[in-house]
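*Asks:* give me a model of this one.
(one chain, ligands or ions: 1)
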Amino acid sequence: MASTIGEPGKGTKSTQSGQSGAKKLKKTKDGASVEDKNETKDDEGSITDDIRNADFYHGLIPKTDAEALLKKEGDFILRKTEHNSGVIVLCISVKADAEKVKHFVINTDASKSYFIDAAHKETSVSNLINFYKATKTPLSVASQAKLKKAIERPPWGINHDAIFIIKKLGQGAFGDVYLAEYVSEKGREKVAVKTMKGEASREARNKFLKEARMMRKYDHRNVVKILGVAVHEHPLMIVMECCEGGAMCSYLKKNGKTMPMKEKNRFVAEAAEGLGYLEKQQCIHRDIAARNCLLSGKNNLVKISDFGMSDDKAILHDDTLEKVPVKWLAPETLQDRIYSLKSDVWAFGVLVWEIYSNGAEPYPGLTRLQTRAKIVLTDYRMKMPDDTPAEMAKIAVQCWDKVPEKRPSISAILPDLKKLVDK
Ligand SMILES: Nc1ncnc2c1ncn2[C@@H]1O[C@H](COP(=O)(O)OP(=O)(O)OP(=O)(O)O)[C@@H](O)[C@H]1O
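*Replies:* Next up is the predicted model:
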């Protein structure tokens, strides 16, 4: 019997897929490397070069991304996934009919034969796929799924070989972030690479790659652009445009006191341009803050980054007890964990405060718990620094209206912000 994901075939062993022996990430001059020593789940093995280099082999892309690629009946890809047992296995995802995508584990036995249904075994994974494609044999009787067209990796599928690490830039929630060189048909370019540690759970992996999925939808000069993901081996990578100026909050801490007011106004306006664009796309960012605005180019163009928490639902109720950035949260989020475009508007108000406070921590002197209590119970609001332009202070206060619907949209305040910059 063929085994689909979630129902392993009895008495068989699934193919454990792995890296090639060759190290794909070069150690750099200064010794930086993202080589993963904690790879417990993958082994050296069954991914032979014919498969690794095959256009239809998509590595560890999540089910959601796989399903989005399979449009017509018979479209299929080969990918890696985590089996119920926690082992990484190879599987074929195929559009079985107009509605459903089915996922079939490729099993192997002691004599290194590969099979989906024990009735037909082949000596390699590519032979197995060729057999099903050429003979149009269904992968299982129940699904009647047939392999017709192999779907190539999308343009955002990047090979690890094309990434050359230069140095560490920072620390992300899932792993380190590096400056790297990305070599593609277009030439060489400096990029930032967010990595994920190899021992991560399926849930963490999906979360990590969800950020990439969200970022792929956006294209705006004030939003950090994604170039692609590298998911063939560990560490998983999100490759994005590099903002050499680093995080805005660090820049403000260092230069805020001597920065011309005009530049601070520009930071506000550019962040609003990016956020206004996201608002139009119905994207709730959920983590707007100076630490998540990066600076790019010699003019320090502001770009919104870190889509790790973002979502494109109109209103989101999130009950998870994850670390939340309390000092940037709106009252309705603190109280009822409700996120919306309007809770981003609140956070934008806090960002405006950060900009004119030279990157200081919001609600100075208050703990997270005290901040929460003061906002929710006493409607406490921060005072803007004295030298904040009056129009900016007014906008920040509007963003902190207790009632989400009464807060302005970013698009509504954008013209006023731009006028201030042009003054
Ligand atoms: N595109 C980029 N260009 C330059 N530096 C970057 C880029 N992306 C991230 N960094 C650097 O890496 C750091 C960590 O990135 P980021 O905050 O996006 O990671 P994260 O996984 O979302 O972590 P957290 O959720 O804890 O903020 C940033 O503060 C910044 O210094």
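*Asks:* for R188, which residues are in contact?
*Replies:* E181, Y182 (C-beta atoms under 8 Å, 6 or more residues apart in numbering). Every C-beta, even on glycine, is put in place using the N, C-alpha and C of the backbone.
*Asks:* same thing but 6 Å
*Replies:* Contact analysis of R188 by C-beta atoms under 6 Å, 6 or more residues apart in numbering lists E181.
*Asks:* now do the contacts for L278.
*Replies:* L278 is in contact with H285, counting by C-beta under 6 Å, 6+ apart.
*Asks:* can you tell me the SS state at it?
*Replies:* With DSSP: H, G, I helix; E, B strand; the rest coil as the basis, the three-state label of L278 is helix.
*Asks:* measure it to E241 for me?
*Replies:* To E241, L278 is 16 Å away according to C-beta to C-beta, to the nearest Å.
*Asks:* quickly find the element holding the residue of the stretch 301-423 of the chain found nearest the ligand.
*Replies:* Here the stretch 301-423 of the chain gets closest to the ligand at one residue, D306, 3.8 Å apart by C-beta to the nearest ligand atom. D306 belongs to no helix or strand when assigned by DSSP states H and E.
*Asks:* verify the stated contact: it with R291.
*Replies:* No. Applying C-beta atoms under 6 Å as the test, D306 and R291 come out as separate, 8.1 Å apart.
*Asks:* please identify which of the two sits among more neighbours.
*Replies:* Legend: neighbour count by other C-beta atoms under 10 Å for D306 and R291, higher for D306 (22 against 18).
*Asks:* in space, what's closest to the residue of the stretch 301-423 of the chain closest to the ligand - neighbours in sequence excluded?
*Replies:* N292 (4.1 Å; C-beta to C-beta, 6 or more residues apart in numbering).
*Asks:* count the neighbours of the one you found for me.
*Replies:* 24.
*Asks:* that one and the ligand: what is the separation?
*Replies:* N292 sits 6 Å away from the ligand, going by C-beta to the nearest ligand atom, to the nearest Å.
*Asks:* secondary structure class for I413?
*Replies:* Assignment for I413 (three-state DSSP): helix.
*Asks:* so it sits against I395, correct?
*Replies:* Yes. Counting by C-beta under 6 Å, I395 is a contact partner of I413 at 5.4 Å.
*Asks:* count of neighbours near N84?
*Replies:* When counting by other C-beta under 10 Å, one arrives at 12 neighbours for N84.
*Asks:* wait, what's in contact with the residue located most distally from the centre of the chain?
*Replies:* Most distant residue from the mean C-alpha position of the chain: A119, 40.7 Å away (C-alpha atoms, centre = their mean). By C-beta under 6 Å, 6+ apart, no residues touch A119.
*Asks:* mind checking how far it is from the ligand?
*Replies:* Remark: distance between A119 and the ligand (C-beta to the nearest ligand atom) = 46 Å.
*Asks:* so that residue: helix, strand or coil?
*Replies:* coil.
*Asks:* from G74, how far out is it?
*Replies:* 21 Å.
*Asks:* and if you look at C283?
*Replies:* In terms of C-beta to C-beta, C283 sits 34 Å off from G74.
*Asks:* next to the ligand in this structure, residues from the stretch 301-423 of the chain, please.
*Replies:* Residues of the stretch 301-423 of the chain lying near the ligand by C-beta under 6 Å from any ligand atom: S305, D306, G308.
*Asks:* the nearest residue to the last one once chain neighbours are set aside: neighbour count?
*Replies:* Here the nearest residue to G308 in space, its sequence neighbours aside, is E211; by C-beta to C-beta, 6+ apart that works out to 4.8 Å. E211 is flanked by 23 other residues according to other C-beta under 10 Å.
*Asks:* can you check the one 5 residues further on too?
*Replies:* Neighbour count of R216, defined by other C-beta under 10 Å: 17.
*Asks:* ok, now the one 3 residues further on?
*Replies:* Taking other C-beta under 10 Å as the criterion, the count of residues near D219 is 11.
*Asks:* roughly how far does it sit from H58?
*Replies:* For D219, the distance to H58 - C-beta to C-beta - is 23 Å.
*Asks:* hmm, V302 is touching A271, no?
*Replies:* Yes. With contacts counted by C-beta under 6 Å, V302 reaches A271, the gap being 5.1 Å.
*Asks:* need the overlap of contacts for these two.
*Replies:* C293.
*Asks:* the more surrounded of those two?
*Replies:* Neighbour count, other C-beta under 10 Å: between V302 and A271, V302 has more, with 28 against 25.
*Asks:* in the sheet, who's paired with E189?
*Replies:* For E189, the beta-bridge partners are Y182 (DSSP bridges).
*Asks:* cool, the one 5 residues further on as well?
*Replies:* Assessed by DSSP bridges, K194 has beta-bridge partners V177, I238.
*Asks:* OK, contacts around it?
*Replies:* G172, V177, I238.
*Asks:* ok, which of those also contact the ligand?
*Replies:* Restricting the contacts of K194 to those near the ligand - C-beta under 6 Å from any ligand atom - leaves G172, V177.
*Asks:* any weak-confidence spans in the protein?
*Replies:* 1-50, 199, 314-315, 319-322 (pLDDT under 70).
*Asks:* would you list every one of the helices in it?
*Replies:* With helices called from DSSP state H, the chain shows them at 49-52, 63-69, 125-135, 202-216, 248-255, 261-280, 331-336, 341-356, 368-378, 390-399, 410-422.
*Asks:* ranking those helices by burial, who's on top?
*Replies:* Of all the helices of the chain, helix 341-356 has the most neighbours on average by mean count of other C-beta atoms under 10 Å, namely a mean of 25.
*Asks:* contacts for that one next, please.
*Replies:* 264, 267-268, 275, 279, 284-285, 288, 290, 328, 330, 333, 362, 382, 385, 388, 396, 399-400, 404, 407.
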